[in-house]
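S.K.: missing the sequence, but the structure's below:
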């Protein structure tokens, strides 16, 4: 599907690059041609693509103006030499412009040449869209497969988070990071501006090919090993906040907002959700961060250890301490039930209706108690607990049902010290 470039020789490409540099030097009045043989860097090509420049622009130049000769012989000779030099420069410019016009189609072919074409899936919170990735030296394009009418894929494509096709200039791609999808190292996430796009490449080998091709066009890859020291140093020097540090740790660990199964995790920080006044100077008001949430309660930990010892260890079902996880798609939707589009996702997860009212998120204090007593509940928190108060309010006035004790679910019940303000709890 790419423009063929088999007929473009390496000498022609070098010649094109040389004339680009020559044209720039003539325009600026600079005779330095040390970089004539260097090809244009990927970043420069990307900027050209973003501006709509798929090929070298037509070369234009105003004629050289020469002063009128003076009356004396010396002045006349100098003027004659200047005129000759100006005519020679104009002739050289015309030659450069003519040869650049001849090579312009080859430049377009060089920039549009297909470097990669791989089948993939665009993964987002609303679902998965099958398609293909096409990479050239100046752009990355996701081409969605046309879904069959009435299928689940057609419903996914109608989601506002999924687009039929998308195009990014290479210069827009700030960085990439390797990812897992369904516990397999077969994905890559690209960061574009303030957002990110997540692609499942199906196999580890295909993911490696895509990352290698993106590096060829200048997209940097960020890894835990390469970023850990600088991140930790910035946190120690208080250049970033605790929230920013934990968000960066989540990103480097492979967590993403694009996959509910790998949603960012934040810890329970406080342990007091019953007092009328919160004393932040009291160590007892804080959770012990040296232990996982499943080991905070000594009584519950003893039950977990006892159950583990009594289990039969078989190949089909090995022994385990906890039957659930501190983060999952279900746990994420449990917290974000009242906030769209997560409300719709929670309804879809329960086959078109809300779960039983007694199993829905009702109270912060009750949720903390459950995470310390139930053998099946070891949920940690999510980032929204530290910056977004809307998920604690039933702004959509959803009918969430009535609990067995007769209480109808509405807004989340807050700790007494929050004084009824979700913003006070969050901040």
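M.R.: Now that the structure is in, tell me what you want to look at. Because the structure is predicted, anything quoted here is derived from the model rather than measured.
S.K.: Quick check: what element follows whichever strand or helix holds residue 226 along the chain?
M.R.: When secondary structure is defined by DSSP states H and E, residue 226 falls within helix 224-236. Secondary structure here is assigned by DSSP H and E; on that basis, the next helix or strand after helix 224-236 toward the C-terminus is helix 242-252.
S.K.: Show me what counts as buried in that following helix.
M.R.: By neighbour count, with 16 or more other CB atoms under 10 Å as the criterion, the buried positions of helix 242-252 are 245, 246, 247, 248, 249, 250, 251, 252. No exception for glycine: its C-beta is placed from N, CA and C like everyone else's.
S.K.: In terms of pLDDT, where does the fifth one sit?
M.R.: Yep, that's residue 249 we're talking about. Per-residue pLDDT puts residue 249 at 96.
S.K.: Over to the first one?
M.R.: Predicted confidence (pLDDT) at residue 245: the value is 97.
S.K.: Okay, it and residue 231: tell me how far apart.
M.R.: For residue 245, the distance to residue 231 (CB to CB, to the nearest Å) stands at 7 Å.
S.K.: and the helix holding residue 226, which residues are buried?
M.R.: 231, 235.
S.K.: show me where the stretch 151-300 of the chain has helices.
M.R.: Secondary structure of the stretch 151-300 of the chain (DSSP state H, counting those that start in this stretch): helices located at 152-157, 204-216, 224-236, 242-252, 298-310.
S.K.: Not counting its own residues, what contacts the last one?
M.R.: Translated: helix 298-310. The contact list for helix 298-310, computed with CB atoms under 8 Å, 6 or more residues apart in numbering, reads 294, 295, 319, 320, 321, 322, 372, 373, 374, 375.
S.K.: where do the helices sit along the stretch 301-427 of the chain?
M.R.: In the stretch 301-427 of the chain, the helices defined using DSSP H, counting those that start in this stretch lie at 329-335, 342-349, 364-373, 422-426.
S.K.: Would you mind listing the residues in contact with residue 313?
M.R.: Counting by CB under 8 Å, 6+ apart, residue 313 touches residue 319.
S.K.: so how far is residue 271 from it?
M.R.: When distance is defined by CB to CB, residue 313 is 34 Å away from residue 271.
S.K.: same check, this time on residue 186
M.R.: Taking CB to CB as the criterion, residue 186 is separated from residue 271 by 39 Å.
S.K.: And for residue 213?
M.R.: Applying CB to CB to residue 213 and residue 271 gives a distance of 49 Å.
S.K.: sorry, back to before: when residue 186 and residue 271 are compared, which one has more neighbours?
M.R.: Taking neighbours as other CB atoms under 10 Å, residue 186 and residue 271 compare with residue 186 leading, 22 against 15.
S.K.: The more buried one is in contact with residue 207, isn't it?
M.R.: Yes: taking contacts as CB atoms under 8 Å, residue 186 lies within contact range of residue 207: 5.1 Å.
S.K.: where do the contact lists of those two overlap?
M.R.: Residues within reach of residue 186 and of residue 207 at once, by CB under 8 Å, 6+ apart, are residue 201.
S.K.: Quick one: mean pLDDT over stretch 394-409.
M.R.: pLDDT averaged over stretch 394-409 gives 94.
S.K.: tell me how far that stretch is from the chain's mean position?
M.R.: In this view, stretch 394-409 has its centroid 36 Å away from the chain centroid, taken as CA atoms, centre = their mean, to the nearest Å.
S.K.: Pull the contacting residues for residue 141.
M.R.: Neighbours of residue 141 in contact, by CB under 8 Å, 6+ apart: 133, 134, 135, 165, 166, 167, 168.
S.K.: hmm, try it at 10 Å
M.R.: The contact partners of residue 141, by CB atoms under 10 Å, 6 or more residues apart in numbering, come to 117, 131, 132, 133, 134, 135, 165, 166, 167, 168.
S.K.: do the same with residue 390
M.R.: Remark: with contacts taken as CB under 10 Å, 6+ apart, residue 390 is in contact with 336, 338, 339, 340, 384, 422, 423, 426.
S.K.: do the same with residue 203
M.R.: For residue 203, the residues meeting the contact criterion (CB under 10 Å, 6+ apart) are 184, 185, 186, 209.
S.K.: Now restrict these to buried residues only.
M.R.: When the contacts of residue 203 are checked for burial by 16+ other CB under 10 Å, the buried set is residue 186.
S.K.: Quick check: closest non-adjacent residue to residue 355.
M.R.: Counting by CB to CB, 6 or more residues apart in numbering, residue 355 lies nearest to residue 346, which is 7.5 Å off, once chain neighbours are set aside.
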